[in-house]
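*Asks:* sequence? don't have it. structure:
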């Protein structure tokens, strides 16, 4: 009975781990397939920092030289590259709206600064209006783009184009376009209101240079360094990564959790199966005389097989029942890591116990099969 209790508890813990692993596998599948609203293939990024006093001239010449490199189809500077955690959150006001009465009533959104080719490079599309152009410079009227989520949240039932936004101490900016929603903070994070500013109206000190090319990232980075250091010998180019790598890194926490849980689940399944096999083998050995007597008085091999399997499956059923109850409570801890699947996903809670039951059935079948081959005469004589 003690061994049976231990095996039951082991099966319960194993089932909890297996269900957690199943939920994480579905999360990773969902994150890999989620439409981000931008492309990641063939894009190499690097952080560029220049101390030249003429910021606009350096970046304009840098874009021209990088875009002219062999194999490069587009290049753009961006402050606030998706999935990197770079964002500038600031309060803003909407022209014609009363000021907020309380600090928590302020409109605070993420700001991103980009050069005109950024949207073409990333494959970002617009809902209405226009994109930035080369005329959106420091001497031109300030303009801005917003995403569709901001248009829905702050301009419901009215046209967002033509509205004016202003940052603290800044000039009013006219909304000239509305972009599709993008998952910039995280693939599993909800879409948030965002405002995009022309880089040559809102430059950033340290920013990403994004380059679209079929060449390798190391080759592109080396060519970019040569070109930029001709413009500024002190220019720093670092943190070279592809957008595909950035996307993979953004779900590294979920991948790590899945790997750890899956590894412990596999170990638990093996140990539980071996434990159940050991318990049933011990039971068969202890009950050899009883089984021999049953066979001697006419019990069939099928009856013995059903008897032993029934006892083993009773232990498995108890462990699975306890495991389901524990999983329903403990998988809620994984809620912050899950995406596109509920902690009590019916499919996972149905398939995983069925698989574990199949494993335990195999672990019970081997001792049960051996029990049917006991020689009644030999067992009775030995007794």
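*Replies:* Okay, I see it. If you're wondering where the values come from, they're calculated on a predicted model, not measured in any experiment.

*Asks:* so how many other residues sit close to residue 97?
*Replies:* Burial measure for residue 97: 10 neighbouring residues, criterion other Cβ atoms under 10 Å. In this view, the C-beta of every residue, glycine as well, is placed from N, C-alpha and C.

*Asks:* quick one: pLDDT of it?
*Replies:* Reported pLDDT at residue 97 in the predicted model: 85.

*Asks:* ditto for residue 341
*Replies:* Value for residue 341, per-residue pLDDT: 87.

*Asks:* One more: residue 333?
*Replies:* 79.

*Asks:* what's around it, how many residues?
*Replies:* 10.

*Asks:* Equivalent analysis for residue 359, please.
*Replies:* Neighbours around residue 359, by other Cβ under 10 Å: 18.

*Asks:* again, but for residue 214
*Replies:* 10.

*Asks:* before we move on, what about residue 300?
*Replies:* The burial count for residue 300: 11, using other Cβ under 10 Å.

*Asks:* OK, contacts around residue 30?
*Replies:* With contacts defined as Cβ atoms under 8 Å, 6 or more residues apart in numbering, residue 30 is in contact with 188, 339, 340, 341.

*Asks:* are any of those buried, and which?
*Replies:* With burial judged by 16 or more other Cβ atoms under 10 Å, the buried subset of the contacts of residue 30 is 188, 339, 341.

*Asks:* now those residues in a markdown table, with distance to residue 21 and secondary structure?
*Replies:* Formatted as a markdown table, the buried ones among the contacts of residue 30 follow (distance: Cβ to Cβ, whole Å; DSSP: H, G, I helix; E, B strand; the rest coil):
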| residue | distance to residue 21 | secondary structure |
| --- | --- | --- |
| 188 | 18 | coil |
| 339 | 15 | coil |
| 341 | 12 | coil |
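
*Asks:* so what's the residue nearest the centre of the chain scoring on pLDDT?
*Replies:* Ranked by distance to the mean C-alpha position of the chain (Cα atoms, centre = their mean), the top residue is residue 251 at 3.8 Å. For residue 251, the pLDDT comes out at 90.

*Asks:* Not counting sequence-adjacent ones, nearest residue to it?
*Replies:* Excluding the flanking residues, the one nearest residue 251 by Cβ to Cβ, 6 or more residues apart in numbering is residue 31, at 4.8 Å.

*Asks:* Nearest to residue 348 among the contacts of residue 30?
*Replies:* residue 341 (7.5 Å; Cβ to Cβ).

*Asks:* List the residues that contact the closest one.
*Replies:* Contacts of residue 341 (Cβ under 8 Å, 6+ apart): 23, 26, 27, 30, 348.

*Asks:* returning to what we had before: format the buried ones among the contacts of residue 30 as a markdown table; extra columns: distance to residue 226.
*Replies:* What follows is the buried ones among the contacts of residue 30, written out as a markdown table (distance: Cβ to Cβ, whole Å):
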| residue | distance to residue 226 |
| --- | --- |
| 188 | 39 |
| 339 | 41 |
| 341 | 47 |
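
*Asks:* between these, which is nearest residue 291?
*Replies:* Of the buried ones among the contacts of residue 30, the one sitting nearest to residue 291 (Cβ to Cβ) turns out to be residue 341, at 46.3 Å.

*Asks:* Quick check: the gap between the closest one and residue 230.
*Replies:* Computed as Cβ to Cβ, to the nearest Å, the residue 341 to residue 230 distance reads 51 Å.
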